[in-house]
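Student: Got a sequence here, can you model it:
(2 chains)
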Protein chains: 2
Amino acid sequence: MRIIFTTLLIFSGLLSAGAQAPDSLNLMPRPQAVKLQTGKFVFTGRFAIGINGPGSPKLIAAANRFYLTLGKRTGVVFPQEYISGKENPADAQLTISYQKSINAAIGMDESYTLTVTPEKIALTAPTDIGAGRGLETLYQLVTPAGSGFYCPAVEINDVPRFKWRGLMIDVARHFIPFDVLKRNVDAMAIVKMNVLHLHLSDDEGFRVESKVYPKLQENGSNGSFYTQDQVKELVNYAHDRGIIIVPEFDLPGHCSSILAAYPFLASYPASYKPARRFNVDTIKNPSLGKIMQLINQTQTPTIDPTKETTYVFFDRFFKEMSGIFPDAYLHVGADENNGVAWKQNPQIAAFMKAKSMKTTDDLQAYFVNRMHGIAQKYNKRIIGWEETFNATVPQDVIIQKWKPAAPADTLVKSIVGHHNQVIVSAGYYLDLYFPAYIHYLTDPVPANLTATAADKGILGGEAAMWSELVDGGNEEIRVWPRTAAIAERFWSAAGVRDADDMYRRLWAVDFELNDRAVNEYGNYIKIPDRWVNDEDLNPAITLCNVYTQVKGYKRLMAALLSPGEVHAKTTLTTPLVGIADAVHTDSETGWYFRHWVATYLDKHDAASLAQIKSQLQRWQSNKARFDALAANSPYLQQIADLSDNLSNAAGIALQALNNEGIKDDQLKQLQQLEKPHHDVQLAIGQSLEALVTGKLKPEPAAYSMF
Amino acid sequence: MRIIFTTLLIFSGLLSAGAQAPDSLNLMPRPQAVKLQTGKFVFTGRFAIGINGPGSPKLIAAANRFYLTLGKRTGVVFPQEYISGKENPADAQLTISYQKSINAAIGMDESYTLTVTPEKIALTAPTDIGAGRGLETLYQLVTPAGSGFYCPAVEINDVPRFKWRGLMIDVARHFIPFDVLKRNVDAMAIVKMNVLHLHLSDDEGFRVESKVYPKLQENGSNGSFYTQDQVKELVNYAHDRGIIIVPEFDLPGHCSSILAAYPFLASYPASYKPARRFNVDTIKNPSLGKIMQLINQTQTPTIDPTKETTYVFFDRFFKEMSGIFPDAYLHVGADENNGVAWKQNPQIAAFMKAKSMKTTDDLQAYFVNRMHGIAQKYNKRIIGWEETFNATVPQDVIIQKWKPAAPADTLVKSIVGHHNQVIVSAGYYLDLYFPAYIHYLTDPVPANLTATAADKGILGGEAAMWSELVDGGNEEIRVWPRTAAIAERFWSAAGVRDADDMYRRLWAVDFELNDRAVNEYGNYIKIPDRWVNDEDLNPAITLCNVYTQVKGYKRLMAALLSPGEVHAKTTLTTPLVGIADAVHTDSETGWYFRHWVATYLDKHDAASLAQIKSQLQRWQSNKARFDALAANSPYLQQIADLSDNLSNAAGIALQALNNEGIKDDQLKQLQQLEKPHHDVQLAIGQSLEALVTGKLKPEPAAYSMF
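Tutor: Sure thing, here's the model as predicted:
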């Protein structure tokens, strides 16, 4: 978002599009094969589209969206009023040809070929959905130059690496409004993702209307849920864009909201209600170790898997849900069940004994097998988180790998060896607030798998946005643009791994995502605008641009460690309106600044030096404007130290550039100023240190989770 | 939107809230009675809400929205997890008391009393909807100061002046997406409006799903329409906020999209399809006079009112629509039917003769009476545009006054004299691009009506947003914040007419509208961001901030005058992405600048002078940054003259301030630079001229429509 560079023209050169070498195309995800040719196709007032194929309402709709959006992008008035596929203009400059109209499904043919010459553009694909993917690539080729817009002449052959390219959104903890979901679907289509996985129930909320069991939403949602009409609309909307919807109902744990509605399902009697404090309601004065111990040892709300009434309930419920979620998958969660609630219930213990079950894991396997049987009745394949996997799990159950711990590879190998298929989310947890490159450089295929085993066993991957610290006001900032990098990991060849080139393209796709899909830029100014009471926004934005969240679960754990305080940071009723909620996880400003510092340290050129100094002076002088506004802004007063730190850090870097001061002292001071505060940290720390030491450290290969 | 003032802190003083005199409250609409008291109520972590009343899900929802939004605004972590109205905290600082839960309806009791003391806040109202209105007032009292937020102690008694306070959105010409509609409802609730009138059909499109006559959306919408599920959702959403929905199906003219689906309804055979060129498809090389003549004399698509099959059709159709639009009103349009299609059809002429009808107006009256009969079957009151009124119209038909011509008062008096009721839209046409104060100073009650007649006859008014030049990308910028000023006209006392104070409050409510409802700020940066390809946005925004659209229908008429050209400016397929589409109708920058100039001319103080000069220098130097970006921006190249003009105009004003140059020459040059171009004009022209002449002209009392 370039609005951030108030007067910072120094980066323009890096972004502007001149003559394009193959590497400089702004495609994301990068296609499998790109051959740049000579010349360019220029968009004029005679640009029209013809569609050849057996008839596909969704491709016709996609072509019309493309046409209207291209008109908005270029400002050119195109001649066609409506593209119907029936009355193709004889002189159509873009022809779209496809052989078959298909429904969105895992394993569908999404391939396409795109040929741009100076005279015309040909998009061909076996399926209408493949043609739709090709339209997205074509849009990313559109480039402004001089007085108009063009596409470089190019031949592209493309097909995804993985069948399953998903985004999971937790809509249970903080509810995510319906229009935000739809905008996420738009964004997913741009980066060619094909699965939206909705985590629809958890302790904190049950988020979809049931007509069979209406208390689920009445007692389990506090009024925030999707109606069945909305679900149908979302499914159609996603299908139109080649995306399926996978609903998740997390069982047998993570179910306070369900038990608030139907307590007879519970493993122990209690007064259930939707949780407010992320699973640790009951922990007093905890330490991290105690939390982990209690999480493993405390009785938590859990479905009773021994009663037949439980299965009657879920049979009817899944029957109903299968009617509104027509895609072939049903996610039943099955994660983080410590079994304590079962062990403590004598009837359940007796049941286990009668069935010769040795551990509660065996009982969970029994529960999952029963769910599997019910799902089969409604033609659904079951998905479960990795705890679902065991020796007796049916082979058609899909296992979603999520734990980042060391045995990940071993577990995946076991699962694949057992002939179950895997969706990999380990490495793609967006709530860790890791920069995009960390996820980007994580391959879904473990090193210990043969190519054949990986082909068969690894369905693909899913980015996962858990919503303890995310709500409708910042979900789009949290998920995008980072997820575009993950989408490339799932679509493009394994060898496409240049993180710096990824970032160059990420900023470009971010503009597209904002222009066509999400409201990330709008949300980015909304929170700071509140801080300043609609006064001058720039000092706050300048600050936000160079801070990012602390990495890992530090902020969440800090809240868990003080659950008794009114000001605990992350209960569901805590407003997510602070700087850690507002900032991006990847700092675009920081990335560009790093590039300028790298150039300067390499070449010691006066131009880079002047621009670096100019930026540092702006950061240094931001404090005065910030402080003036803070007089009337309670929140700016709270975070004035961050503003001071930026100003001081920039001052030290300026000193160093002027060869004043003592290096060791400056480095220590900088490191002090870089320390996290208010759950954020400076994103330009390494670059500033480099101006002192003369050496730019490489970006870390990994970050700690805690 | 203060982001516009890159470094322009000069206006802060005018906006920041210190100790509040009664006049400085930011309430809009202004309540009927406000008594400011001593002291303030401060929001702390113990702020909780209790609700006393017979039970109202919509008030509970409103209270929870208020609580969450207040949390986001203040950043304070409040103690209540969920406000249910059942478990009221003993120490609730805000108590909401109401006597009755009602359904949204015209004439409902919307009054409330709000008492804020330093200790507690009491909101009482006869109805839950009145209590909801009071919550909106309370929210507008929330003020930041020092390290926290407070409400001034105050006693407010409030009740609306008019029963009907509407916004009409034309969703037929350019379709307005569903999420945009919902955000408009949120905004309406903030300014206490209670009617959303949807113009659902016109020549260009039919915008709602019919299951009885599905070809209406299949052939009449090009895929852009609201599903019945969405209509139900919108109705519920609006009712929850005390707002009713009035559907309009424009008949018997303006109906190409209906005839595209069911041509048997037509008065003459033709190949109908949704129009693309705003009613003048058939006019070649026209002049303005010729257009008006042709509009009056050309056969245009019109329903045949003589066939019984027509009434069978609309009976079934209105029966279906009555099922999804439960509110008591049905708008049948009945505007701009020149009768030519009827005169030219011999069968229709014969029908008229047989029924002793002398004019096609008589036949239209017959048609409206038949519609009235059908509507009665489904318990709906008919509304029609003013052409509906004649001597035989039933007295329960509501007439919507729209023509701004001189006989307005006479016509309204006749209508009221006939005991029909009137909704006034004349004076509130947002597509004229008049500044807010023009609408604000127009009273719905004509001067020639007695108070008694007005009370009985004038139901209220409606702002009207016709969408020839508006789409989903800028509807929110076009409608808001101007409509807030109109909402005040409809709610507040007739004597509240200080336009300058209105503007002061309008900028404040605009912040609230953006924070809580519409995406106006986000859209405002979206179009310019496309121009600059996501590069530095500031030079383009600086330009947008000081330009507004040409007033009246000049732009639209220019397009009508060149309908044969590919580059005609306003067909439905023309992208609305230029500066005239991006800018606001009221320039906030211009308003503040005018105030500084006024102060300077009054006091000749050095401080004002310095600030004016500083602003002028920024405008003058904007050109360099603009031109640098224009190299890669096709659109900036197109509007470079606007940038040059701003720079030159600022330069002349600076000259004048430095007592250089010749006044007469400067004035002439300024007037030259102020001339409209690209459908926009400088919003700071008068202020700049005043710096030359030493005299600030008053704002015009009226603008020409053409």
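
Student: Quick check: the residue of the stretch 451-600 of chain A nearest chain B.
Tutor: residue A:522 (2.5 Å; Cβ to the nearest Cβ). Placement of C-beta: from N, CA and C, glycine included.

Student: what about the nearest residue to residue A:418 once chain neighbours are set aside, neighbour count?
Tutor: Spatial nearest neighbour of residue A:418, excluding adjacent residues (Cβ to Cβ, 6 or more residues apart in numbering or on different chains): residue A:395 at 7.0 Å. Here the number of neighbours of residue A:395 (other Cβ atoms under 10 Å in any protein chain shown) works out to 8.

Student: my guess is the residue of the stretch 451-600 of chain A closest to chain B meets residue B:519, correct?
Tutor: Yes. Residue A:522 lies in contact with residue B:519 (Cβ atoms under 8 Å); the separation is 5.6 Å.

Student: Need the overlap of contacts for these two.
Tutor: Here residue A:522 and residue B:519 have no joint contacts, going by Cβ atoms under 8 Å, 6 or more residues apart in numbering or on different chains.

Student: quick check, stretch A:632-648 touching chain B?
Tutor: Yes. Applying Cβ under 8 Å from any Cβ of the partner chain, one finds stretch A:632-648 touching chain B at A:632-635, A:637.

Student: and if you look at stretch A:85-94?
Tutor: No. Taking Cβ under 8 Å from any Cβ as the criterion, stretch A:85-94 and chain B are apart, separated by no less than 11.5 Å.

Student: Write out the residues of the stretch 551-700 of chain A neighbouring chain B.
Tutor: Residues of the stretch 551-700 of chain A lying near chain B (Cβ under 8 Å from any Cβ): A:566-568, A:571-578, A:625, A:628-629, A:632-635, A:637.

Student: so what's the residue lying closest to residue A:266 once chain neighbours are set aside up against?
Tutor: Among residues not flanking residue A:266 along the chain, residue A:259 sits closest, at 4.7 Å (Cβ to Cβ, 6+ apart). With contact taken as Cβ under 8 Å, 6+ apart, residue A:259 is in contact with A:265-266, A:270, A:272, A:301, A:303.

Student: Let me have those residues in CSV, adding neighbour count and pLDDT as columns.
Tutor: As requested, the contacts of residue A:259 are arranged in CSV below (neighbours: other Cβ atoms under 10 Å in any protein chain shown; pLDDT from 0 to 100):
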residue, neighbour count, pLDDT
A:265, 22, 98
A:266, 21, 98
A:270, 13, 95
A:272, 21, 95
A:301, 25, 94
A:303, 24, 98
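
Student: Which among the residues of the stretch 551-700 of chain A next to chain B count as buried?
Tutor: Buried by 16 or more other Cβ atoms under 10 Å in any protein chain shown: A:568, A:571-578, A:625, A:629, A:632-635, A:637, out of these.

Student: ok so, going back, which element is the residue of the stretch 451-600 of chain A closest to chain B on?
Tutor: helix A:520-531 (DSSP states H and E).

Student: helices or strands up against the next helix or strand after that helix?
Tutor: Later in the chain than helix A:520-531, the nearest helix or strand by DSSP H and E is helix A:538-546. Applying 3 or more Cβ pairs under 8 Å, 6 or more residues apart in numbering or on different chains; DSSP states H and E, we find helix A:538-546 packed against helix A:520-531, helix A:579-582, helix A:588-603, helix A:606-630, helix A:640-657.

Student: Need those helices in a markdown table (columns: distance to residue B:362).
Tutor: A markdown table is the format used below for the helices and strands packed on helix A:538-546 (distance: least, Cβ to Cβ, whole Å):
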| stretch | distance to residue B:362 |
| --- | --- |
| helix A:520-531 | 53 |
| helix A:579-582 | 64 |
| helix A:588-603 | 68 |
| helix A:606-630 | 67 |
| helix A:640-657 | 74 |
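
Student: Just send those helices back as CSV, with mean pLDDT too.
Tutor: CSV is the format used below for the helices and strands packed on helix A:538-546 (pLDDT from 0 to 100):
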stretch, mean pLDDT
helix A:520-531, 94
helix A:579-582, 96
helix A:588-603, 96
helix A:606-630, 96
helix A:640-657, 98
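
Student: which bits of the stretch 351-500 of chain A sit near chain B?
Tutor: Contact residues, the stretch 351-500 of chain A versus chain B (Cβ under 8 Å from any Cβ): residue A:473.

Student: What of the stretch 151-300 of chain A?
Tutor: A:179, A:182, A:222-223, A:227, A:229-230, A:232-233, A:276.

Student: Where do the domain boundaries of chain A fall?
Tutor: Domain assignment for chain A by automatic domain parsing gives A:33-158, A:164-274+A:304-517, A:525-693.
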